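Trainee: My questions concern the predicted model and sequence given below.
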Amino acid sequence: MDYTPKPIDTSAVSLPVELEPLVEQMAKNVHEVWAQKRIEEGWKYGKKRDDELRLHPCLVSYEQLPEIEKEYDRSTALETLKLIIKLGFTIEKP
């Protein structure tokens with residue numbers, strides 16, 4: 001299978017400074033949604049990942065995640081916000 005990912009290029013998009021705090025809030029929520037789904041599927045916390053036993057070391061609060069895992073969630077949040085802007089939408093706080 002030849003699959004080449006082709007995400008929309010958001011490299012020229014600068015996130016407005018007022019949206020920067022939103023990245024962390026979104027990153028935390030990305031983790032919460034992921035963790036909730038895993039728990040609903042029967043996964044539990046384990047020091048080492050074990051797919052057969054459904055154990056995962058990241059089934060902890062966002063604050064307890066290793067920085068590398070937080071960066072993954074931040075990247076997802078940041079790229080989502082940049083895509084929204086690139087597509088011509090605006091994000092405003094009421």
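Mentor: The structure has been received and is ready for your questions. Just so we're clear, the structure is a prediction, and the values are computed from it rather than from any experiment.

Trainee: Report the contact partners of the spatially most central residue of the chain.
Mentor: The C-alpha lying nearest the average C-alpha coordinate of the chain belongs to residue 73 (Cα atoms, centre = their mean; 2.8 Å). Taking Cβ atoms under 8 Å, 6 or more residues apart in numbering, we find residue 73 in contact with 27-28, 30-31, 62, 65. Glycine gets a C-beta too; all of them are placed from N, C-alpha and C.

Trainee: how about a cut-off of 7 Å?
Mentor: Applying Cβ atoms under 7 Å, 6 or more residues apart in numbering, we find residue 73 in contact with 27, 30-31.

Trainee: and if you look at residue 29?
Mentor: Counting by Cβ under 7 Å, 6+ apart, residue 29 has no contacts.

Trainee: Quick one: mean pLDDT for the strand or helix carrying it?
Mentor: Taking DSSP states H and E as the definition, residue 29 sits inside helix 20-40. Computed over helix 20-40, the mean pLDDT rounds to 97.

Trainee: Please apply the same query to stretch 61-73.
Mentor: Stretch 61-73 comes out at a mean pLDDT of 97.
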